[in-house]
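Trainee: here's my sequence, what's the structure:
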Amino acid sequence: MNEEDFNALLQQQRILAANIVQESNTNSKIRLLDIINELVTPKNKKIHIESVIVEAINHGLTEQEAYDMIDELKKDHLVYETEIGFLQRTRDIKF
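Mentor: Numbers count the residues shown, from 1 in each chain. The predicted structure follows:
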């Protein structure tokens, strides 16, 4: 294998690694949205962030991952903080 082929192979590996990270991130967001959907009731539209964190940890995420995903969901406008410490979905999302 020459140097050019080797560099091309390394580039492909970097692309695949980046895709895996992005897919994992998306899966974590979906998992967290599922948790939020489970906790939200028609009567109680907002939920305590700590409840989401506890459930996320029970589903295999770390505490930091859960907080990071909540921040990303906020940036994506899928959830918002109705008041300090409480989340609400921006709309009903089902998977």
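Trainee: what ranges does this structure have for its helices?
Mentor: For the chain, the helices defined by DSSP state H occupy 3-39, 49-58, 63-75.
Trainee: just want the angle from the shortest one to helix 3-39.
Mentor: For helix 49-58 and helix 3-39, the angle between their directions (axes from the mean of the first three to the mean of the last three C-alpha atoms, to 10 degrees) works out to 130 degrees.
Trainee: use 212 as the first number for this chain going forward.
Mentor: Renumbered: residue one is now 212, and that last one reads helix 260-269.
Trainee: next, the angle helix 274-286 makes with helix 260-269.
Mentor: 120 degrees.
Trainee: can you list contacts of helix 260-269?
Mentor: 242-243, 246-247, 249-250, 274, 276-278, 280-281, 292, 296-298 (C-beta atoms under 8 Å, 6 or more residues apart in numbering). Every residue, glycine included, has its C-beta placed from N, CA and C.
Trainee: can we see that at 6 Å?
Mentor: By C-beta atoms under 6 Å, 6 or more residues apart in numbering, the surrounding residues in contact with helix 260-269 are 243, 246-247, 250, 277, 296, 298.
Trainee: list only buried entries from these.
Mentor: 243, 246-247, 250, 277, 298 (16 or more other C-beta atoms under 10 Å).
Trainee: centroid-nearest residue for this protein?
Mentor: For the chain, the residue nearest the mean C-alpha position is Lys240 (2.1 Å; C-alpha atoms, centre = their mean).
Trainee: now that one: closest residue in space that isn't a chain neighbour?
Mentor: Met280 (5.6 Å; C-beta to C-beta, 6 or more residues apart in numbering).
Trainee: wait, isn't that neighbour in contact with Leu243?
Mentor: Yes: in terms of C-beta atoms under 6 Å, Met280 counts as a neighbour of Leu243; the distance is 4.6 Å.
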